[in-house]
Structures are given as structure tokens and as C-alpha cells.
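K.L.:
generate coordinates for the sequence data below:
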Amino acid sequence: MNIAISVKELYVSYFGNEALKNVSFTINEGNLVGIIGPNGAGKSTLLKALLNLISKDKGEVQILGKSIKEMRTKVAYVPQRSNIDWDFPITVIDTVILGTYPSLGIFKRPKKVDKAWAYECLEKVGIAELRNRQIGELSGGQQQRVFLARALAQKPEMYFLDEPFVGVDVTSEETIISILKELRDSGKTVVVVHHDLSKVTHYFNQLILLNKELIDYGAVEDVIKPEVLGKAYGNQFPSITATEVSV
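P.N.:
Sure thing, here's the model as predicted:
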């Protein structure tokens, strides 16, 4: 099995404050991986560092044996909903069509086949009937499905999602996780920042447990053990609930 993501001695800091320290791991292709940990653990920071969206102090990240710069078109990123300008005047279908741009080339516009593919991706996530709506008019779950459709339209090898289940309805959450599992089963690699410990055994086959440092990484059933989780959550863990765990 090929290595999808390789991280070696990764360090990240903000204004002199250490956010990640000496994080190293490898993820093989065809896995659905959850990143969990307590408040301030650096989960979103790790995701952004993997994608080179923030600066690293030190360390090496490789995607399929190459730099993220070389593999940018092979990677799709779904950010937190709070980081998106929902007032931007763009329709649902045009948002999804943006996912086809990495494969178009410079100065080329989407063709009929690209628009048809974008529509197919909207059908996949179950909201094709909303294609002409402005994205800010949608519910939280519908908005998240739009950006998953945009990621699908890109036809990447890897998917990175930052808290995709926050503020979404049950139907949208079930739709999203079903698609992510299908992607994994087809050989794609999916990495998700996640907060709800009660669902990790149902959603992922591997977990990264983080608290600025890598506490553990491996099969869900091994990482989810109380004695392992306690190393990351410390005194929080005995009273923690699924809704209290967040980025």
C-alpha cells in the first residue's frame, strides 16, 4: 500500500506560541482518518500545515511522495463554514463549477462537460434542485454539501475537511459521512478534523490523537481507549461529553 501523507518533525507556532511540536506520522492510501483532541490541541492547525496554508517553523510534509505545491491539483480542501463569506454573490452551481478549474488550465473556461459534471456532483450530495440559489440562502447542512460537491468536482486523490459536521442537520451529516466512506472504499484518502467522540468508531477507521504533540495514531479501537484518550484530554477527560470536544 502506498503512503499518501508523510509528516516528519513538524513544528508550527503563532506569534512565538507553540501550536504543534515534533509531529510525525504516515497515512497510507485508502483511509478515512479523524483528527481529534481537546480545545487548543492544534487540530485545524495541523490540517492547514499539511496543505501549506500556514507557515511551518520546521518539518517536512509530503503528499504521495511529493510536495504539496506539486500535488495541489490532487488535493481538495473543505474549510470550516465560519471561514467562508456566505454573502458572496455566487450561486450553488457556480460554486461547484469552481472545483473543475484546477484541471482546466490557465485562462480556460468550463465547458459543457464540466458544467454537467458539476451538476452530477450536486446530485451526488442530494441538492441539485438548489443549483440556482445563492449560497448564503442555504441552511448550514446544505452549505456544507455544496462545498463537498465542489471538492468532488475537482476529482482529487485526497480530501481534507475541517469540522464538516458542525452546525449541520442529521440528514446532511449522514449524506456527508456516507460519501466520505465511499471515497475511502474507492481508494481515496480522507482526513477530517472532528469533535464528536461518540461517533468516531462509526465514522473513521483510523484516528490521530493530538494535543500540540502527537499522542497516538492508529486504528480507532486502539486510540479510543480511555487510557489513551486521557493522555490528551488530561483532567478534562473524566467529565467530557461528545458536544464539549471542539477545535
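K.L.:
so which residues of this structure form helices?
P.N.:
43-50, 92-97, 112-125, 140-153, 170-185, 200-203, 220-223, 226-233 (DSSP state H).
K.L.:
which strands and helices sit next to the first one?
P.N.:
Counting contacts by 3 or more C-beta pairs under 8 Å, 6 or more residues apart in numbering; DSSP states H and E, helix 43-50 is packed against strand 3-14, strand 17-28, strand 32-36, strand 58-63, strand 158-162, strand 189-193, strand 206-211. In short, each C-beta sits where N, CA and C put it, glycine included.
K.L.:
tell me which residues in stretch 210-220 are buried?
P.N.:
In terms of neighbour count (16 or more other C-beta atoms under 10 Å), stretch 210-220 has its buried residues at Leu210, Asn211, Lys212, Glu213, Leu214, Ile215, Asp216, Tyr217, Val220.
K.L.:
cool, stretch 147-157 as well?
P.N.:
Result for stretch 147-157 [16+ other C-beta under 10 Å]: buried residues Phe147, Leu148, Ala149, Arg150, Ala151, Leu152, Ala153, Gln154, Pro156, Glu157.
K.L.:
just name the closest of those to Trp117, please.
P.N.:
Of all those, Ala153 has the smallest distance to Trp117: 6.2 Å, by C-beta to C-beta.
K.L.:
what's the pLDDT at the closest one?
P.N.:
pLDDT, Ala153: 95.
K.L.:
next: Ile27.
P.N.:
For Ile27, pLDDT reads 98.
K.L.:
which non-adjacent residue is nearest it?
P.N.:
Leaving aside its chain neighbours, Ile27 sits nearest to Ile5 (4.3 Å; criterion: C-beta to C-beta, 6 or more residues apart in numbering).
K.L.:
surely the one you found touches Leu50?
P.N.:
Yes. Contact criterion C-beta atoms under 8 Å: Ile5 and Leu50 qualify, at 6.7 Å.
K.L.:
list the residues that contact both of those two?
P.N.:
Val61, Ile63, Val191 (C-beta atoms under 8 Å, 6 or more residues apart in numbering).
K.L.:
tell me the centre residue of this protein?
P.N.:
Centroid check for the chain by C-alpha atoms, centre = their mean gives Leu161 as the closest residue, at 1.5 Å.
K.L.:
and it, what does it touch?
P.N.:
Counting by C-beta under 8 Å, 6+ apart, Leu161 has contacts Tyr77, Val78, Leu148, Ala151, Leu180, Val190, Val191, Val192, Val193.
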